[in-house]
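> Provided below are the primary sequence and the corresponding predicted coordinates.
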Amino acid sequence: MRPEKLFPIILLILVAACSKKPIAEKPVIVNSSIALDTLPLSDIDIPIKINLKPFYAIAEKQVEKEYTTPNYPRDFVVENCDTRYMYRFRRGPLQFSTQGNQLQFGFTGFYIIAGGQRICSGTGSNRVSVTPWSPTCTCGLSEGERRVNISFTAGMQITPSYHIVPTIKTNEPKPLDKCTVCFWGQDITQTVMDRLKAQLEDSRKSMQDTIMKMDLRPQFQKVWDMLNAIQPVSNYGYLQINPQQMRVSNIRVEKDTLQLSVGISARPRVVQARPAEVRTVIPDLSVGQNRRGFSIYTDALLNYDSLSNLLQASMYKKRIDAEGSSKYIIVEKVQVYGSNSAMLNLKMQFSGSVSGTFYLSGKPVYDAATKQLKLENLNYDIRSQSVVVKAGEWMFNKRILHELEKSTRFDVTAYEKMLLDKINAQFNKEVYKGVLMNGSVQNVSIEKIYPFVDQLVIRFSSKGDLEILVRELSL
């Protein structure tokens, strides 16, 4: 090669060697064994209290207010050829009480009877009258209506198909006053009670059929849709609950309230880009024991641009003086990216006694005691070290690395409070008309950190309590 052609090349080499702007090469990203564990199922069990007054209203409508013999007061009912009677029965207000998982409801009834007798001969269906009917006598007309206590006992179960299966029993009527008619002084109270019970049985069947037609799946589907809905989480992204299963406990009754617990298992996550909303059909229920409280695991997926902005805001123009030296650097720009090796990398552009670019790496950890997310063991990347050496030994000053490490600490207390406030606000409101939700999250903590190449995944866990009060039912 001719000398005149070689000279420019030599000049370029000399200029580069004497440059005061060290520019390090970007670290090589290599694959490693780091992998995102399967997000544990989050269990959320919610006690639900349902006001039974709507059920009382059903019973009030289904139980007749008056019972009579057929064609009262024109026709008599003939009993065994020798007795005829007619009655009118009216009921008072329904009264309700509970015992264990059963509901008892009843009323006091008031009735009057009119009837007469005659002599018949023969047996069975072949009996025929021998004498005419005696004069009609009454019971409960002049001396006041006769009284009887009527009651039903009801139990309930919920099926995997979201239907309530009631078990309603008509109890034996309990007469408070006997009814003795003038014909032969016969006590016909039990005869009337048997007839009355047969009519009450029709009301029982009507009540049971009405309740069995109640389909709670639409109400539960609304809750399921709400769980599938994308919830904005302030400026941090979107919460996606991803429900997987739903369960329900056996039903208990206490005073005027039906109690059960409904639970879901889910895999929630927080992402920064709004995901597509998924609508699914609610799966069948599994029926089990009463449970309450929740333990939630959530993956927050954060992109490195937002983390870079946070660091840039906290470190921009930060001056760091080398210990025991007049040398210093000023941070101009910081970028964060993952390494797929359980480490985070920082690209830092700086000015000061010397200007240039170098790369740092550190392990992201969470200190639960101080609630700080930080980088530990911060050091120059191996490909930056040789460049830093050329810039001067002072660049390896421990104070510089120590101050840089302090600047990479994030206090997550504000983030935790924001998250708690946001969730607790969602937990205390009227979900639908007549359906109120009440609860709180007691704590949020970071379980694991995954610094992948494309995004930082932070796994949170939280514990709390939640209940739902149903004041109205759509029947």
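Yep, it's here.

> Let me see the contact set for His163.
Met212, Met214, Asp215, Leu216 (Cβ atoms under 8 Å, 6 or more residues apart in numbering). Quick note: C-beta positions are derived from backbone N, CA and C, even for glycine.

> same question but for Gly116, I mixed them up
Each residue near Gly116 by Cβ under 8 Å, 6+ apart is listed here: Phe76, Thr83, Arg84, Trp133, Ser134, Pro135, Thr136, Cys137, Phe183.

> List the buried residues for the helix or strand hosting it?
Following DSSP states H and E, one finds Gly116 within strand 102-117. Applying a neighbour-count criterion of 16 or more other Cβ atoms under 10 Å, one finds 103-107, 109-117 buried in strand 102-117.

> cool, stretch 401-411 as well?
In terms of neighbour count (16+ other Cβ under 10 Å), stretch 401-411 has its buried residues at Leu401, Glu403, Leu404, Glu405, Ser407, Thr408, Phe410.

> avg pLDDT for it?
Taken as a whole, stretch 401-411 has an average pLDDT of 83.

> Mind exporting the C-alpha coordinates of that stretch to PDB?
The C-alpha coordinates for stretch 401-411 follow below in PDB (Å, rounded to 0.1, in the frame of the first residue of the first chain):
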ATOM      1  CA  LEU A 401     -21.300   3.000  41.600                       C
ATOM      2  CA  HIS A 402     -22.700   3.400  45.100                       C
ATOM      3  CA  GLU A 403     -24.500   6.700  44.100                       C
ATOM      4  CA  LEU A 404     -25.800   5.100  40.900                       C
ATOM      5  CA  GLU A 405     -27.100   2.100  42.900                       C
ATOM      6  CA  LYS A 406     -28.900   4.500  45.300                       C
ATOM      7  CA  SER A 407     -30.500   6.200  42.400                       C
ATOM      8  CA  THR A 408     -32.000   3.000  41.100                       C
ATOM      9  CA  ARG A 409     -34.200   2.400  44.200                       C
ATOM     10  CA  PHE A 410     -37.900   2.800  43.900                       C
ATOM     11  CA  ASP A 411     -40.200   3.300  46.800                       C
END
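
> Run the chain-centre distance for it.
39 Å (Cα atoms, centre = their mean, to the nearest Å).

> hang on, the earlier thing: closest to Asn443 out of the buried residues of strand 102-117?
Checking these against Asn443 by Cβ to Cβ gives Leu103 as the nearest, at 38.9 Å.

> how far away is that closest one from Pro135?
Leu103 sits 46 Å away from Pro135, taking Cβ to Cβ, to the nearest Å as the criterion.

> still on that earlier bit, including distance to Arg90 and secondary structure, could the buried residues of stretch 401-411 go into TSV?
Shown next, in TSV, are those (distance: Cβ to Cβ, whole Å; DSSP: H, G, I helix; E, B strand; the rest coil):
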residue	distance to Arg90	secondary structure
Leu401	92	helix
Glu403	90	helix
Leu404	89	helix
Glu405	86	helix
Ser407	85	helix
Thr408	82	coil
Phe410	75	strand
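
> Can you get me a residue count around Leu41?
Other residues within reach of Leu41, judged by other Cβ atoms under 10 Å, total 14.

> got a list of what it touches?
Under the criterion of Cβ under 8 Å, 6+ apart, the contact list for Leu41 reads Gln244, Ser265, Ala266, Arg267, Tyr297.

> Roughly how far does the last one sit from Tyr56?
In other words, Tyr297. As judged by Cβ to Cβ, Tyr297 and Tyr56 stand 42 Å apart.

> Next up, the contacts around the residue lying closest to Gly106 once chain neighbours are set aside.
In space, Gly106 comes closest to Ser151 once its chain neighbours are excluded; the distance is 3.1 Å by Cβ to Cβ, 6 or more residues apart in numbering. For Ser151, the contacting residues are Gln104, Phe105, Gly106, Phe107, Asn171, Lys174, taking Cβ under 8 Å, 6+ apart as the criterion.

> if you set the cut-off to 10 Å instead, what comes out?
Neighbour list for Ser151: 94-95, 97, 104-107, 169-174, 200 [criterion: Cβ atoms under 10 Å, 6 or more residues apart in numbering].

> for Ala229, same thing?
With contact set as Cβ under 10 Å, 6+ apart, Ala229 has these partners: Leu239, Gln240, Ile241, Glu277, Val278, Arg279.

> How far does stretch 320-327 stretch from one end to the other?
9 Å (Cα to Cα, to the nearest Å).

> buried stuff in that stretch?
With burial defined by 16+ other Cβ under 10 Å, the residues of stretch 320-327 counted as buried are Ile320, Asp321, Ala322, Lys327.

> ditto for stretch 421-432
Of the residues in stretch 421-432, those scored as buried under the neighbour-count criterion (16+ other Cβ under 10 Å) are Lys422, Ile423, Gln426, Phe427.

> same deal with stretch 268-283?
Of the residues in stretch 268-283, those buried under the neighbour-count criterion (16+ other Cβ under 10 Å) are Pro268, Arg269, Val270, Val271, Gln272, Ile282.

> what does stretch 299-311 give?
For stretch 299-311, the neighbour count (16+ other Cβ under 10 Å) marks Asp299, Ala300, Leu301, Leu302, Tyr304, Leu307, Ser308, Leu311 as buried.

> One more: stretch 200-214?
Of the residues in stretch 200-214, those with enough neighbours to count as buried (16+ other Cβ under 10 Å) are Leu200, Ser203, Arg204, Met207, Gln208, Ile211, Met214.

> These in helices, which ones?
If you go by DSSP state H, the buried residues of stretch 200-214 have Leu200, Ser203, Arg204, Met207, Gln208, Ile211 in helices.

> Which residues are in contact with the closest residue to Leu360 other than its chain neighbours?
By the measure of Cβ to Cβ, 6+ apart, the closest residue to Leu360 outside its immediate chain neighbours is Leu346, 4.4 Å from it. Leu346 makes contacts with 307-308, 311, 315, 334-337, 358-362, 375, 378, 381, 404, 407-408, as judged by Cβ under 10 Å, 6+ apart.

> can you rerun that using 8 Å?
With contacts defined as Cβ under 8 Å, 6+ apart, the neighbours of Leu346 are Leu311, Val334, Gln335, Val336, Tyr359, Leu360, Ser361, Gly362, Leu375, Thr408.

> Now the fifth one: closest residue in space, sequence neighbours ignored.
Spatial nearest neighbour of Tyr359, chain neighbours left out: Asp381 (4.1 Å); criterion: Cβ to Cβ, 6+ apart.

> what does the first one give?
Take Leu311 and drop its neighbours on the chain: the residue closest to it by Cβ to Cβ, 6+ apart is Val334, 4.5 Å away.
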